[in-house]
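Asker: would you be able to build a 3D model of this:
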Amino acid sequence: MLLFDTNLLVYFVNKDSPFHFRCKKLMDRVVKGKLRACLAQQNLVEFIHVVTDPRQMEKHLLLPKALAEAEKFHQLFRIISPLESTAEELFNLIGKKSKLGKGKIFDLYLAATMLSNGVGTIYTFNASDFKDVPGITVKKPL
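Answerer: Residues are numbered from 1 along each chain as shown. Next up is the predicted model:
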């Protein structure tokens, strides 16, 4: 089981993205049952935030369209949630850092959610966000 990072969802719905085709191919593999992938609840929240923000997406979506897309992902993927052990996992990951860069806490929270749910691989275009997280294997979509 592997997790799709939010950026794959964003690039999938953004047909103008240079990464759209790669994300579409991965989605097709999920639809056909050839790739077992999951999302965290956090991914759905981040997706709605990013695709409705005109500062982050030139051709942003209106909220009803963004919600409809998020609901499609919710139906297609297994959704993992933070568990009671996720907080302990997060504190452990934070404790291994000397400082946290901007937004890094959210990446670590996603990693903690993954680890507490037994998911050890993430597909992402932002490999540097997770490369130093123990227990997480990072794969960049090819």
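
Asker: which residue ranges of this protein form strands?
Answerer: For the chain, the strands defined by DSSP state E occupy 2-4, 37-40, 78-80, 121-123, 137-139.

Asker: distance check, the closest residue to S81 other than its chain neighbours against A111.
Answerer: Leaving aside its chain neighbours, S81 sits nearest to Q41 (5.3 Å; criterion: CB to CB, 6 or more residues apart in numbering). The C-beta positions use only the backbone N, C-alpha and C, and glycine is treated the same way. Distance of Q41 to A111, computed by CB to CB, to the nearest Å: 14 Å.

Asker: okay, these two: which has more neighbours?
Answerer: For Q41 versus A111, the count of surrounding residues by other CB atoms under 10 Å is larger for A111: 25 against 13.

Asker: contacts only, for the more buried one.
Answerer: 89, 93, 122, 130, 133, 135-136 (CB atoms under 8 Å, 6 or more residues apart in numbering).

Asker: cool, H20 as well?
Answerer: Going by CB under 8 Å, 6+ apart, H20 touches 11-12, 14.

Asker: make a ChimeraX selection of the buried ones in these.
Answerer: Restricted to buried positions by 16 or more other CB atoms under 10 Å, the ChimeraX selection for those reads:
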select :11,12,14
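
Asker: narrow the contacts of H20 to those in helices?
Answerer: 11-12 (DSSP state H).

Asker: return the member of the contacts of H20 nearest to N117.
Answerer: Nearest to N117 out of those is F12 (CB to CB; 22.4 Å).
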